[in-house]
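Novice: Got a predicted structure plus its sequence, pasted below:
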There are 2 protein chains.
Amino acid sequence: MAVRVAVDAMGGDHAPGEVISGAIRAVRQADGDLKVLLYGPEPKLRAVLAAHEPDPRISVVHAPDVIGMGEVPVAAVRAKPRSSIHLGLRGHRAGAADAFLSAGNTGAVVAASLFLLKRLSGAKRPSIPSFFPTTAGACILLDVGSNMDSRPEHLVQFARMGSAYARIMAEIEQPRVALLNVGEEPAKGNELVRKAHEMLTAAQDINFVGNVEGQDILHHRAEVIVCDGFVGNVVLKLVESIGTALPRMAEQELDRLEADPAARRVLSRIFKRLRRRFNPADYGGGAPLLGVDGEVFILHGRSSADAVERCIQLAARAARLNLNAAIKEAIAL
Amino acid sequence: MAVRVAVDAMGGDHAPGEVISGAIRAVRQADGDLKVLLYGPEPKLRAVLAAHEPDPRISVVHAPDVIGMGEVPVAAVRAKPRSSIHLGLRGHRAGAADAFLSAGNTGAVVAASLFLLKRLSGAKRPSIPSFFPTTAGACILLDVGSNMDSRPEHLVQFARMGSAYARIMAEIEQPRVALLNVGEEPAKGNELVRKAHEMLTAAQDINFVGNVEGQDILHHRAEVIVCDGFVGNVVLKLVESIGTALPRMAEQELDRLEADPAARRVLSRIFKRLRRRFNPADYGGGAPLLGVDGEVFILHGRSSADAVERCIQLAARAARLNLNAAIKEAIAL
């Protein structure tokens, strides 16, 4: 049976154009049967779709309201029950779609998901994890944006959800879990991480390997790294920017060295590949909102069609593997 | 007249060997007259010094106790008044040295500085800024480690101290100041940054340009970026690790491309230069503790002789330019 993904067609800085292009590519490139339901103001979406070949696997569901990127999440969610975010999530809840994704206002997606899908039993705070490129492949960092003022018990639950995510989606049997801190010693850091260190050490079901620091993220010291959402979001975006900033710095060095054209060509090929490695559209393409009762995926506001396509594939894969059930089991411990 | 720098010879993972080598290089490479006073257990320091050419610009001051990297700062500072950190700071306070630096337990250096040198009048929290390599040169991030649980008014003061630091040490007339956040909009982020955004917008003396996100750090959107010390410390160490992680990733790509030896040689030269750009020993070499009444510099625990040398030069330059007086004036506003 086809997997059906509900997509907030109005979410993100380049919506609806890039979102719709991404959806079309996703159904064409999909491994299995895939259908996409686009949520947004129907006339607007139809106008954009008119520029593409019609595809029966793409359908439109009318949602007249849009929640803007700058709106205060909770207020916007209360004021606009007919937004593309609300109606897409309602579609998922009602079983019309197996997953939902949005590149819109992250806070609004989190608030609306909590309101409409509810938390999983025992879930303290939902969390957004993300895959990171490392020298040895990839690691998972969470939370990267949904939790702005976390408590220690939240970080412990992030550890459990992150472990389950790594097991299901990255097929790692016993993921190592580390706590992001400012030093290796247990006494280092702020109140939050000192207490979290104690609790993680005591948790028998978590393969906790201790604190890691900023420099350990790219050097792959653990498969799962936990932190509060503010720190994780800054780290996520900083890591993503390496792929664009480094080639510029390398070019400056090439100019200083007065390197020849042949060398420049090789370097430009290398950096193209590195850029791809650091581009969220390639190394993961969005992230799930773990801890709500559903398969909800969140993308960067700046997402391109490429990023949207990848995230739709990721959401479809999560729905097929029943990620939500694995998370439910992990936090019931 | 010679500038005299007091150095905690027992601070850091590679102390006293690397610290002493760095001190010797510093006096030999100095632009002007420079003297270094090494604080630590005299027999131990003499034994290390015996392997080097004697230099009259290096002297030893006996400090029998050592505060370890893993000790709880405040307790260690109370228990060991004869540590190299205490006696070095006392030397600076008494006028025997114009600056003090340590690669030891950062928390202990901060606590001992507050205790012995006192805060500057009006200083809420001392802060450690750091220079960062960017696509357009460098920017200053603060705080990067001394403040684990900041309040909004602390971030405002970091903005003032960072501006003064950029003006004096980087010679930038009107530095742009940004707030590190998870989105550009004023409503984004945790409680701390939402309130700080309001206060920074209202402050007439700060050239505040709004929020920046993780990806803006390397892309140089501002000369001064403010954040709390936990976030700043993670960012600092992550950025530093780019210089070591990226060459490894680039090599993996070279292997996949089966690149020829000539291309590898050029790439290795480029990465050597980039590594230097990201190496704290080259782009800054430690950072001052702003807001205490003195010229105190703090280095990474893992600092090499090279990093120690740079930091001694930086401390000497700050003492010559009277950085502390400029900070005092900025926060008196």
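Specialist: All right, it came through fine.

Novice: Which neighbouring elements make contact with the helix or strand A:Ser130 falls within?
Specialist: Assigned by DSSP states H and E, A:Ser130 belongs to strand A:129-134. Secondary-structure packing of strand A:129-134 (3 or more Cβ pairs under 8 Å, 6 or more residues apart in numbering or on different chains; DSSP states H and E): strand A:137-142, helix A:152-169, helix A:229-257, helix A:280-283, strand A:287-288. Just so you know, the C-beta spots here come from the backbone N, C-alpha and C atoms, and that holds for glycine as well.

Novice: Tell me the confidence at the residue nearest in space to the middle of chain A?
Specialist: With distances taken as Cα atoms, centre = their mean, the residue of chain A nearest its centroid is A:Ala287 (1.8 Å). Predicted confidence (pLDDT) for A:Ala287: 88.

Novice: So what sits opposite it in the bridge?
Specialist: Using DSSP bridges, the beta-bridge partners of A:Ala287 come out as A:Ile298.

Novice: quick one, what contacts it?
Specialist: The contact partners of A:Ala287, by Cβ atoms under 8 Å, 6 or more residues apart in numbering or on different chains, come to A:Ile128, A:Pro129, A:Ser130, A:Phe131, A:Val144, A:Phe297, A:Ile298.

Novice: Kindly reformat these as JSON lines containing pLDDT, distance to B:Ala79 and neighbour count.
Specialist: Putting these into JSON lines (pLDDT from 0 to 100; distance: Cβ to Cβ, whole Å; neighbours: other Cβ atoms under 10 Å in any protein chain shown) gives the following:
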{"residue": "A:Ile128", "pLDDT": "88", "distance to B:Ala79": "43", "neighbour count": "28"}
{"residue": "A:Pro129", "pLDDT": "89", "distance to B:Ala79": "42", "neighbour count": "28"}
{"residue": "A:Ser130", "pLDDT": "85", "distance to B:Ala79": "43", "neighbour count": "26"}
{"residue": "A:Phe131", "pLDDT": "83", "distance to B:Ala79": "45", "neighbour count": "22"}
{"residue": "A:Val144", "pLDDT": "87", "distance to B:Ala79": "40", "neighbour count": "28"}
{"residue": "A:Phe297", "pLDDT": "96", "distance to B:Ala79": "52", "neighbour count": "25"}
{"residue": "A:Ile298", "pLDDT": "92", "distance to B:Ala79": "49", "neighbour count": "26"}
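
Novice: A:Arg276: which of those is nearest?
Specialist: Within the contacts of A:Ala287, proximity to A:Arg276 (Cβ to Cβ) peaks at A:Phe131, which comes in at 13.7 Å.

Novice: give the contact list for the closest residue to A:Val234 other than its chain neighbours.
Specialist: Nearest residue to A:Val234 in three dimensions, chain neighbours excluded: B:Gly214, at 4.3 Å (Cβ to Cβ, 6 or more residues apart in numbering or on different chains). B:Gly214 makes contact with A:Asn233, A:Val234, A:Val235, A:Leu236, A:Lys237, A:Leu238, A:Val239, A:Glu240, A:Ser241, B:Leu180, B:Val235 under the criterion Cβ under 8 Å, 6+ apart.

Novice: still on that earlier bit, from A:Met69, how far off is the residue nearest to the centre of chain A?
Specialist: 18 Å (Cβ to Cβ, to the nearest Å).

Novice: do the same with A:Ala178
Specialist: Applying Cβ to Cβ, the value for A:Ala178 to A:Met69 is 32 Å.

Novice: Then A:Ala103?
Specialist: Counting by Cβ to Cβ, the separation of A:Ala103 from A:Met69 is 10 Å.

Novice: Now do the shared contacts for these two.
Specialist: Where contact means Cβ under 8 Å, 6+ apart, the residues bridging A:Ala103 and A:Met69 through contact with each are A:Gly12, A:Gly301.

Novice: out of those two, which sits in the more crowded spot?
Specialist: A:Ala103 (31 against 20; other Cβ atoms under 10 Å in any protein chain shown).

Novice: For the stretch 51-200 of chain A, which residues are neighbours of chain B?
Specialist: Of all the residues in the stretch 51-200 of chain A, those in contact range of chain B (Cβ under 8 Å from any Cβ of the partner chain) are A:69-72, A:107, A:133-135, A:145, A:148-149, A:180, A:182-183, A:185, A:187, A:189-191, A:193.
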